[in-house]
Structure formats: C-alpha cells, structure tokens
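Coordinates for the following, if possible.
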Amino acid sequence: MESLVLAAMITLAVSHRILNHMRNMATEKGAWFASLRWADVFCGAAIILMVDML
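Numbering: from 1, shown residues only. Below you'll find the model as predicted:
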C-alpha cells in the first residue's frame, strides 16, 4: 500500500514539474497548457517515459 501511495506522489510531482517547465518554455500567449489537458497528455506519455527510464 505504501509503495502505491509513493508511486502516485512521485508521478504527481514529476507531472507538475514537467508542466511547469512546459509553461515556462511557452513564449506565445496562446500556448498555455490547461491542467486537465495536460493530465490527458501526461497520462498518454507516462508509459513511454517509464519505458525509456528503464
């Protein structure tokens, strides 16, 4: 149970960190990433990111 909670917390922290980085890189005013949209994108890319890390 603890490992599942820790995995969720790490995933959340990584997601927020990447989102903030993407928002800082967006120079155009219209290139803002909404949180819910980012959740969809991150969920789709999380598996690819994890495979690349192994």
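
How about the secondary structure of F33?
Put simply, F33 is coil when judged by DSSP: H, G, I helix; E, B strand; the rest coil.

Contacts only, for V41.
Contact analysis of V41 by C-beta atoms under 8 Å, 6 or more residues apart in numbering lists F33. Using the backbone N, CA and C atoms, a C-beta is placed for each residue, glycine as well.

residue ranges with poor pLDDT in the protein?
Applying pLDDT under 70 to the chain flags the ranges 28-32, 53-54.

Okay, helices next: where are they in it?
2-25, 35-53 (DSSP state H).

what about dumping the CA coordinates of the shortest one to PDB?
Listed in PDB are the C-alpha atoms of helix 35-53, where the atom choice follows Å, rounded to 0.1, in the frame of the first residue of the first chain:
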ATOM      1  CA  SER A  35      -4.200  21.400 -16.200                       C
ATOM      2  CA  LEU A  36      -6.900  18.900 -17.400                       C
ATOM      3  CA  ARG A  37      -5.500  18.800 -20.900                       C
ATOM      4  CA  TRP A  38      -2.000  18.300 -19.500                       C
ATOM      5  CA  ALA A  39      -3.300  15.400 -17.500                       C
ATOM      6  CA  ASP A  40      -4.500  13.700 -20.700                       C
ATOM      7  CA  VAL A  41      -1.200  14.300 -22.400                       C
ATOM      8  CA  PHE A  42       0.900  13.100 -19.500                       C
ATOM      9  CA  CYS A  43      -1.200  10.000 -19.000                       C
ATOM     10  CA  GLY A  44      -0.700   9.000 -22.600                       C
ATOM     11  CA  ALA A  45       3.100   9.800 -22.400                       C
ATOM     12  CA  ALA A  46       3.800   8.400 -19.000                       C
ATOM     13  CA  ILE A  47       4.100   4.800 -20.200                       C
ATOM     14  CA  ILE A  48       6.600   5.900 -22.900                       C
ATOM     15  CA  LEU A  49       8.600   7.900 -20.300                       C
ATOM     16  CA  MET A  50       8.700   5.000 -17.900                       C
ATOM     17  CA  VAL A  51       9.900   2.500 -20.500                       C
ATOM     18  CA  ASP A  52      12.600   4.900 -21.600                       C
ATOM     19  CA  MET A  53      13.800   5.300 -18.000                       C
END
